[in-house]
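[1] From the sequence below, what's the structure:
(chains A and B)
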Amino acid sequence: MLIRRPADILPSEITPREIYLNRRQWMAGAAGLALAAGLPGVLSAATLNAAKSPFSTDEKKTSLEDVTSYNNYYEFGTAKEDPAAKAKSLKTSPWTVKVDGMVGKPGEFAVEDLIKSSALEERIYRMRCVEGWSMVIPWVGFPLADLVKRVEPLGSAKYVAFETAYRPDEMPGVDSFFPVLEWPYVEGLRLDEAMNPLTILAVGLYGETLPNQNGAPIRLVVPWKYGFKGIKSITRISFVDKQPETSWNKQAANEYGFYANVNPSVDHPRWSQATERRIGEGGLFVKRRPTLMFNGYAEQVASLYTGMDLKKFY
Amino acid sequence: MAGQASVPAAKKGFALPQVPKILVYTVGFIPAVWLFYAGITDQLGADPMRYLEQALGLWALRFLIATLTVTPLRQLFNINLLRYRRALGLLAFYYAILHLTTYLVLDQGLDVAAIVADIVKRPYITIGMATFVILVPLAVTSNNAAIRRMGGQAWAKLHRLVYVAAIGAALHFILVVKSWPPEPLVYAAIVAVLLGYRLVRRTTKRASPRQRPA
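    Just a heads-up that it's a prediction; the model follows:
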């Protein structure tokens, strides 16, 4: 007697890709409609369509689980697992980003409008944390330069300052007994860094809108800098003429500079930056790998810093 | 009669049911066994090596703190855990060995150059290593033979180094984190209270006879 085993074929392999994708799009649309109708409980991730980018690395991606469960987002606590557990309380819709300062066209931008009006790209970037670990994350976003051009910065604008939402009611970490940082979280870039094609505003990862713990609904990604430069849940972008204050620099100026470029030859005062652990690689027996200058993006960004002493401007 | 009976009871301390010391070791090693099992079966999150390393270090600090609570518990609350103090101290030492081994083997992959550079250049590693070195002679002399050989006074003097080790361990924890998150500060505060208690008791004991009118 012949006993047949079910074939080891996934439904996704049978369904043609277009139909499969269409279905997801339809579901995302339906979720959007439900949102518009004010139905609760449908705030789950929506699919984003994004074009591939030549800036993407082909290195093995860090798993979605690791990317969304091992986060530094101190507004929700200092433990790596805190943001995943506590960031659900952040209301990310509706959300507007205020753009002001030295620009010809200041304004308030709704995140859904930014998503609709931008050509979204998938950018698979290395992410190097100042603590000595790294990931490979498939972001979905658009070049910050696109937004910068839209708002027409004045000639006097030299820097871009960013600000995270400050919502004590939704962020259990900001009014803790031990203030870890001064809130709101602030970051900044030089205008030419902001205009570099690698610099993106991310609105998603792994093809869907950002989970809250990763900085929903919109965050900065600057892949040649340490992760803390990638400010999350942005509410304000200001164009200024002086180097803006940045949160970690205010906390410990000798340890965290304004530039914070990934640099294996400039150590953190308390630990080496020469090597890193790639999350999800080897488990308990993870092997350190050498950290690359500008996190491996020297070709695209080294020219931004010619003539600068990177030991001084760390 | 009742008064007479209570005197020796008070001297003996709070009547806790005595458990075999081996049980203290067995229970004490449960976290280590669980951590290694969870690490090998991939249950320690995204960064299992770092989790294991930090958890083992934290348990070393916890047992060190437990060791330091034995005396105040006896003096203040009449709870006598003296017969378990050696086990607690040795558990602290065993966890320190596991913590150090994890750093040397799993974290640094036995890269001697990187390890030496760390010890020389990174204060938190220097302090951590010094703390471990301090614990070695204490662990080696944590037996009756050593007490007999050294004599009680010299032994007690040597074992006062545990105060230095506790300060070192708390400092090591504070220096490894970014900014000032609560956990290392809480542990440092506990160590400060336990050592501060001894300091206060010592100074008041010395001062009291002199305060008496002649």
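
[2] need the residues of chain B near chain A, please.
    Contacts of chain B with chain A, taken as CB under 8 Å from any CB of the partner chain, map to B:39-40, B:42, B:44-50, B:52, B:106, B:108-109, B:111, B:114, B:117-118, B:121-124, B:175-183, B:185. Yep, even glycine has a C-beta here, placed from its N, CA and C like the rest.

[3] So which residues of the stretch 201-314 of chain A form helices?
    A:247-251, A:298-301 (DSSP state H, counting those that start in this stretch).

[4] which of those helices is buried the deepest?
    Of all these, helix A:247-251 has the most neighbours on average by mean count of other CB atoms under 10 Å in any protein chain shown, namely a mean of 19.

[5] got the contact list for residue B:129?
    B:100, B:119 (CB atoms under 8 Å, 6 or more residues apart in numbering or on different chains).

[6] Within the helices and strands, which one has it?
    Residue B:129 is part of helix B:123-140, with elements assigned from DSSP states H and E.

[7] what mean pLDDT does that helix have?
    The average pLDDT within helix B:123-140 is 97.

[8] circling back to that earlier point, now the helices of the stretch 201-314 of chain A in CSV, with distance to residue A:92?
    Shown next, in CSV, are the helices of the stretch 201-314 of chain A (distance: least, CB to CB, whole Å):
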stretch, distance to residue A:92
helix A:247-251, 21
helix A:298-301, 30
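
[9] before we move on, back to that, out of the residues of chain B next to chain A, list just those in helices.
    B:39-40, B:48-50, B:52, B:114, B:117-118, B:121, B:123-124, B:175-176, B:182-183, B:185 (DSSP state H).

[10] Please, where are all the strands along chain B?
    Counting by DSSP state E, chain B forms no strands at all.

[11] low-scoring stretches of it, by residue?
    B:1-15, B:207-214 (pLDDT under 70).

[12] Indicate the residue of it located nearest to chain A.
    residue B:46 (3.5 Å; CB to the nearest CB).

[13] got a pLDDT number for the closest residue to that residue other than its chain neighbours?
    Nearest in space to residue B:46, with sequence neighbours left out and distances taken as CB to CB, 6 or more residues apart in numbering or on different chains, is residue A:70 at 3.5 Å. Looking at residue A:70, its pLDDT is 97.

[14] What's the local residue count around residue A:70?
    Neighbours of residue A:70 under the rule other CB atoms under 10 Å in any protein chain shown: 22.

[15] again with the one 4 residues further on
    The criterion is other CB under 10 Å. On that basis, residue A:74 has 24 neighbouring residues.

[16] my guess is it meets residue A:180, correct?
    Yes. Using CB atoms under 8 Å, residue A:74 is in contact with residue A:180, at 5.2 Å.

[17] what sits in contact with each of these two?
    With CB under 8 Å, 6+ apart, residue A:74 and residue A:180 have common neighbours A:173, B:179.

[18] and residue A:78, that one's in a helix?
    No. If the criterion is DSSP: H, G, I helix; E, B strand; the rest coil, then residue A:78 is coil and not within a helix.

[19] In this structure it contacts residue A:179, no?
    No. Contact criterion CB under 8 Å: residue A:78 and residue A:179 do not qualify, at 11.2 Å.

[20] These two: which has the busier surroundings?
    Set residue A:78 next to residue A:179 and count neighbours by other CB under 10 Å: residue A:78 wins out with 21 against 14.

[21] Report the contact partners of residue A:269.
    Counting by CB under 8 Å, 6+ apart, residue A:269 touches A:254, A:255.

[22] hmm, 10 Å instead?
    Going by CB atoms under 10 Å, 6 or more residues apart in numbering or on different chains, residue A:269 touches A:252, A:254, A:255, A:256, A:314, B:121, B:122, B:123.

[23] Same check on residue B:89?
    Contacts of residue B:89 by CB under 10 Å, 6+ apart are B:63-64, B:66-68, B:70, B:135, B:138-139, B:142, B:159, B:162, B:165.
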